[in-house]
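# Give me the fold of what follows.
(2 chains)
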Amino acid sequence: MDARLTLLVPNSQDGIRGAADDLERFFTANGLPATAVWPFYVALDELLSNTIRCGYAEPPGQRRIEVQVHLHDGVLEMSITDDAAPFNPLEAPEPDTTQALQERSIGGLGIHIVKGLMNHIEYERKEGRNVLVLRKRLDV
Amino acid sequence: MEIAEERHDDVLVIAPVGRFDTNTSGRLEDRLRGHLDAGEKRLVIDMLGVDYVSSAGLRVLLMAAKRLQEVGGHLVLCSMNQGVRHVFELAGFLPIFTIEASRDVALARLASEG
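Numbering: from 1, shown residues only, chains lettered A, B, ... in the order given. I've put the predicted structure just below:
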C-alpha cells in the first residue's frame, strides 16, 4: 500500500482543525484505525500550534504550512514545512517530568511527547524553511 | 467538543467527548473554571469519549488538579483509552493524577476519600 496526502494549512487555529479533519479523512480512506494513527493527530496539534503561536509575527491565516503524509509498507511518515523564522523544536530543553504537582508546567511537553510517540524524528533548515520529518511504524 | 455532566451526591462527573487538543481544550477549561470558581471540590473527569489528548489538554487537566489540591479538593480521572494513557505516561503525569479504570471505580474512590 502506498498513499500520499499533501495539505496546505493556514497558520491559524481553524487551519489546525481543518488539517486534523483532512488527516482523519485520509486515515479512514486508507482503512487505518484510530488506535494505530492517533499519535499523528497529537503530533500535528503540537507542531502546528507551536508554529502558529511562535513562528509568525503577522496575524493568523496569512501563511501556509505544508504537511505531507506518506503511507508505505506499514510506515507512516509526516513532514511539516513552514517558512517561519528558523526554529528547531528538537533543541528545546527537556521538561522536568518528575516534579510534584504544584511545580509542574507544560512548557516543552509537546515536543517531548512527540519524540516519545515517533520512531524517528529529524529537523532540517532547508531553502529558508523549517522541515520536520516524523516517522512511525503503525501497529495495525 | 461536547461536554456531558452528571452529579452523584457531592461529586460532579464531567465527560468531554472527542478530540482534546488546542482547538477544543478551551471549552473544557472554561467549564472547569466555572465549576471550580463556584466551589466544586470533588470532580471526576471521565475520559471515555476522548479520542486523544495533546499537551493543550494536559494543561487544562493540570490547572484543575492544582486548583483542587490548593483547596483540599479531589480530582479523579477515569476510563482513559490506551493512547490517552500513553501520552500521560510520556508527560510524566501518571504519578500526579488519581486515575481509575471506570467511572464506577472513580466514584467509589471518591466516596472512600470522604
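# use CA for all of it now, contacts and neighbours both
Noted.
# nearest spatial neighbour of the residue in chain A positioned nearest to chain B, skipping sequence neighbours?
Nearest residue of chain A to chain B, counting by Cα to the nearest Cα: residue A:97, 4.8 Å away. For residue A:97, the nearest residue in space outside its immediate sequence neighbours is residue B:92; the separation is 4.8 Å by Cα to Cα, 6 or more residues apart in numbering or on different chains.
# Do me a favour and get the backbone dihedrals for that neighbour.
phi 70, psi 30 (degrees, to the nearest 10).
# how close does it get to residue A:70?
If you measure residue B:92 against residue A:70 using Cα to Cα, to the nearest Å, the figure is 31 Å.
# Neighbour count for the two, which is higher?
residue B:92 (19 against 16; other Cα atoms under 10 Å in any protein chain shown).
# Test my guess that that one contacts residue A:95.
No. In this structure, residue B:92 is not within contact of residue A:95 by Cα atoms under 8 Å, at 9.8 Å.
# So which elements touch the longest helix along chain B?
Ranked by residue count and defined by DSSP state H, the top helix of chain B is helix B:55-70. With contacts defined as 3 or more Cα pairs under 8 Å, 6 or more residues apart in numbering or on different chains; DSSP states H and E, the packing partners of helix B:55-70 are helix B:25-37, strand B:74-78.
# Buried residues, that helix. List them.
Within helix B:55-70, the residues that count as buried by 16 or more other Cα atoms under 10 Å in any protein chain shown are B:55-68.
# and what of stretch A:15-32?
A:15, A:16, A:17, A:19, A:20, A:23, A:24, A:26, A:27, A:32.
# count of residues packed around the residue of chain A closest to chain B?
By the measure other Cα under 10 Å, the count of residues near residue A:97 is 17.
# so it, which of the three states?
coil (DSSP: H, G, I helix; E, B strand; the rest coil).
# just curious, which of the buried residues of helix B:55-70 is nearest to residue B:18?
residue B:57 (11.6 Å; Cα to Cα).
# who's residue A:82 bridged to?
With DSSP bridges as the criterion, the beta-bridge partners of residue A:82 are residue A:130.
# Which neighbouring elements make contact with the helix or strand of chain B with the lowest mean pLDDT?
Comparing helices and strands within chain B by mean pLDDT, DSSP states H and E singles out helix B:103-112 as the least confident, with a mean of 94. Judged by 3+ Cα pairs under 8 Å, 6+ apart, helix B:103-112 is in contact with strand B:42-46, strand B:74-78.
# wait, which of the ones you listed is closest to chain A?
Distances from chain A to each of the helices and strands packed on helix B:103-112 were compared using Cα to the nearest Cα; the minimum, 12.5 Å, belongs to strand B:74-78.
# give me the low-pLDDT residue ranges for chain B?
B:114 (pLDDT under 70).
# Output the residue of it whose distance to chain A is smallest.
Per Cα to the nearest Cα, residue B:92 is where chain B lies closest to chain A, at 4.8 Å.
# quick revisit: okay, the helices and strands packed on helix B:103-112 in a markdown table with distance to residue A:119 and mean neighbour count next?
Formatted as a markdown table, the helices and strands packed on helix B:103-112 follow (distance: least, Cα to Cα, whole Å; neighbours: other Cα atoms under 10 Å in any protein chain shown):
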| stretch | distance to residue A:119 | mean neighbour count |
| --- | --- | --- |
| strand B:42-46 | 30 | 24 |
| strand B:74-78 | 28 | 22 |
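# so what's residue A:2 up against?
A:70, A:71, A:72, A:73 (Cα atoms under 8 Å, 6 or more residues apart in numbering or on different chains).
# Correction: the previous question concerned residue B:98.
Counting by Cα under 8 Å, 6+ apart, residue B:98 touches B:75, B:76, B:77.
# Residue A:92 now?
If a contact means Cα under 8 Å, 6+ apart, then residue A:92 has residue A:108 as its contacts.
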